[in-house]
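Trainee: What follows is a predicted protein model with its sequence.
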Amino acid sequence: MAKQIILAAHFPGVNNTTVWSDPAAGSQIAFDSFVRLAQTAERGKFDFFFLAEGLRLREQRGLIHDLDVVGRPDTLTVLAGLAAVTTHLGLAGTLNATFHEAYELARQLATLDHLSGGRAAWNVVTSSGPFFGENFRRGGFLDHSQRYERAGEFIDTARELWDSWADYAPDRDSGVFADTGTFAHTGPQFTIEGRFGVPRSPQGHPVILQAGDSDSGRELAAAKADAIFSRHHQLEDGREFYRDVHARLARHGRDPNSLKIIPGVSFVLGETEADAQERAHHIRRQQVSPQTAILLLEQVWNRDLSSYDPDGPLPAEDPSGADETIIQGRAGQYPDRLATANEWRERAEQKNLSIRDLIIEVTGRQSFIGTPARVAEELNTYVQTDACDGFILVPHLTPGGLDDFVDTVVPLLQERGVFRTEYKTTTLRGHLGLA
Ligand SMILES: Cc1cc2nc3c(=O)[nH]c(=O)nc-3n(C[C@H](O)[C@H](O)[C@H](O)COP(=O)(O)O)c2cc1C
């Protein structure tokens, strides 16, 4: 039988792809927007709804970054609200293992799993830099590798807490004082003991995703996660990532089906190929406004370029060599700024590109562009040839950006027999085929 495709809906909120200024865009923080996108995903029989986490909005030149000014509310609060207005859709939240505490988070996730009848998932991230930590009176807390050690111990501890209750129902007649929920964990990151206050939840263990991409991130996923939210959304790159992670999985003695690989992808649909390409081009210009083009260029040059014309040529001056980066709240993307600047200048000169044209070219083109038939075929090829197991779709418009996909692409995947026509399971573990 053909592999079944996993589909998830990302509510992107603040990031580089959301066009919050489009007249068709709604609020990025009102509950209605979350409900609308989640219910569309559930109408499409999606596996889960997905929220990223930003513990602090990005800042550049000391101000909140243009793309972040629409704000990002708290993940678990939103998911708890959505549990009440959906019935089958999984509810996945990105939550940081560096600054949260194991007891607190294990309790919140077990509670979400109860409220939703077994639909909770946790995307474990470690995040980067002291910038987030300052919010928690922990600026500079733990370096990269120690963050992964903490994340690993965090997951183990959460599972110990979840396992501290057996499947259990209190006995009304005898009024027992149950001896359950006791835990004691001693490790470098957590030394805690007591009783866990939440009885075993429907899934036992909420689903665990992992998003880091370094060697330590991949090892953590191969050792402990149920799924990976990956950034490898191109065919060959995806296959290589898939092979790498599966080799690690085998080394950990795990079943190949026990870890699902799900890249975040964007898409643009059109009635004809030309129509889709034209839309894609229009969306890219919306995503990279003249102002955003300068802000993104500044992240490579690492200096104030606000006096440059976005429709003019790239700066002749070289990037600043300063260690401190101009952008706060996002992992450094350009390890060698001068090399990147030279590469971009060469490209701009060859093709006669302005700053804005160049930024449009070098930052995130949409992953799947075409008619619904073509997009359905490509998505299926990715999954059947092990470039991934499914997709976390990132619409560029919130909350209506998934409507066309659900109306036109999902039925084609269903016709091919590679995507469910009805939910046959009630928990997220059930949907994903996980034990
Ligand atoms: C696809 C993807 C999504 C991520 N999403 C988030 C997020 O929502 N919030 C966050 O704080 N970090 C996020 N991260 C950052 C990771 O937590 C991690 O800090 C970062 O990738 C550095 O770890 P690495 O070197 O293992 O990749 C994401 C990373 C990737 C690759």
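Mentor: Looks like it arrived, so ask away. As the structure is a computational prediction, the values presented were derived from the model and not from experiment.
Trainee: So Leu89 sits against Ala41, correct?
Mentor: Yes - assessed by Cβ atoms under 8 Å, Leu89 is found in contact with Ala41 at 5.8 Å. From N, CA and C alone the C-beta is placed, and that goes for glycine too.
Trainee: Quick check: which helices or strands does the helix or strand harbouring Val35 pack against?
Mentor: Assigned by DSSP states H and E, Val35 falls within helix 31-43. Counting contacts by 3 or more Cβ pairs under 8 Å, 6 or more residues apart in numbering; DSSP states H and E, helix 31-43 is packed against strand 6-11, strand 48-51, helix 75-83.
Trainee: Any chance of these in JSON lines with mean pLDDT, distance to Leu57 and mean neighbour count as columns?
Mentor: JSON lines is the format used below for the helices and strands packed on helix 31-43 (pLDDT from 0 to 100; distance: least, Cβ to Cβ, whole Å; neighbours: other Cβ atoms under 10 Å):
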{"stretch": "strand 6-11", "mean pLDDT": "98", "distance to Leu57": "16", "mean neighbour count": "26"}
{"stretch": "strand 48-51", "mean pLDDT": "98", "distance to Leu57": "15", "mean neighbour count": "27"}
{"stretch": "helix 75-83", "mean pLDDT": "98", "distance to Leu57": "14", "mean neighbour count": "20"}
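Trainee: about what we covered before: list the buried ones in the helix holding Val35?
Mentor: Neighbour-count burial for helix 31-43 flags Ser33, Phe34, Val35, Arg36, Leu37, Ala38, Gln39, Thr40, Ala41, Glu42 (criterion: 16 or more other Cβ atoms under 10 Å).
Trainee: And the third one, what's its pLDDT?
Mentor: Think Val35. Val35 carries a pLDDT score of 98 in this model.
Trainee: OK, contacts around it?
Mentor: Shown in contact with Val35 (Cβ atoms under 8 Å, 6 or more residues apart in numbering): Gly81, Leu82, Val85.
Trainee: Would you mind finding the longest helix in the protein?
Mentor: Longest among the helix segments of the chain by residue count, using DSSP state H, is helix 144-162.
Trainee: Can you list the helices and strands that the very next helix or strand once past that one packs against?
Mentor: Per DSSP H and E, helix 144-162 leads on to strand 182-186 as the next helix or strand towards the C-terminus. Strand 182-186 sits against helix 144-162, strand 191-195, with contacts defined as 3+ Cβ pairs under 8 Å, 6+ apart.
Trainee: Quick check: next helix or strand after the shortest one?
Mentor: In this case it means strand 191-195. By DSSP H and E, the next helix or strand past strand 191-195 is strand 207-210.
Trainee: tell me the average confidence for that next one?
Mentor: Mean per-residue pLDDT for strand 207-210: 98.
Trainee: Can you name the element that comes right after it?
Mentor: Per DSSP H and E, the helix or strand that comes after strand 207-210 is helix 215-224.
Trainee: I'd like to know which elements that following helix is packed against.
Mentor: Using 3+ Cβ pairs under 8 Å, 6+ apart, helix 215-224 sits against helix 144-162, strand 207-210, helix 235-251.
Trainee: so which of the ones you listed is the most packed in?
Mentor: strand 207-210 (a mean of 26; mean count of other Cβ atoms under 10 Å).
Trainee: for that strand, packing partners?
Mentor: With contacts taken as 3+ Cβ pairs under 8 Å, 6+ apart, strand 207-210 sits against strand 90-96, strand 120-125, helix 215-224, strand 227-230, helix 428-432.
Trainee: same thing but at 7 Å, please
Mentor: Secondary-structure packing of strand 207-210 (3 or more Cβ pairs under 7 Å, 6 or more residues apart in numbering; DSSP states H and E): strand 120-125, helix 215-224, strand 227-230, helix 428-432.
Trainee: can you list those in JSON lines and add distance to the ligand?
Mentor: What follows is these, written out as JSON lines (distance: least, Cβ to the nearest ligand atom, whole Å):
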{"stretch": "strand 120-125", "distance to the ligand": "3"}
{"stretch": "helix 215-224", "distance to the ligand": "3"}
{"stretch": "strand 227-230", "distance to the ligand": "5"}
{"stretch": "helix 428-432", "distance to the ligand": "18"}
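Trainee: mind giving me a markdown table with the ones you listed and columns for mean pLDDT and mean neighbour count?
Mentor: Formatted as a markdown table, the helices and strands packed on strand 207-210 follow (pLDDT from 0 to 100; neighbours: other Cβ atoms under 10 Å):
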| stretch | mean pLDDT | mean neighbour count |
| --- | --- | --- |
| strand 120-125 | 97 | 27 |
| helix 215-224 | 97 | 20 |
| strand 227-230 | 98 | 27 |
| helix 428-432 | 98 | 23 |
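Trainee: Using JSON lines, please lay out the ones you listed together with distance to Pro12.
Mentor: Formatted as JSON lines, the entries for the helices and strands packed on strand 207-210 read as follows, by distance: least, Cβ to Cβ, whole Å:
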{"stretch": "strand 120-125", "distance to Pro12": "14"}
{"stretch": "helix 215-224", "distance to Pro12": "21"}
{"stretch": "strand 227-230", "distance to Pro12": "13"}
{"stretch": "helix 428-432", "distance to Pro12": "20"}
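Trainee: Of the ones you listed, which is nearest Gly238?
Mentor: Among the helices and strands packed on strand 207-210, the nearest to Gly238 by Cβ to Cβ is strand 227-230 (7.7 Å).
Trainee: Sheet partners, orientation included, of that closest one?
Mentor: Under the criterion DSSP bridges, strand 227-230 sits next to strand 207-210 (parallel), strand 260-265 (parallel) in its sheet.
Trainee: Flag every buried residue along stretch 53-69.
Mentor: 53-60, 64-68.
Trainee: what residues are up against the residue nearest to the spatial centre of the chain?
Mentor: Nearest residue to the geometric centre of the chain (Cα atoms, centre = their mean): Ala52, 5.0 Å. Neighbouring residues of Ala52 by Cβ atoms under 7 Å, 6 or more residues apart in numbering: Gly13, Thr94.
Trainee: What residues does the protein have near the ligand?
Mentor: The chain comes close to the ligand at residues 52-53, 94, 96, 125-128, 211-214, 216-217, 229, 231, 264, 331, as judged by Cβ under 6 Å from any ligand atom.
Trainee: what pLDDT does Tyr168 get?
Mentor: Tyr168 carries a pLDDT score of 65 in this model.
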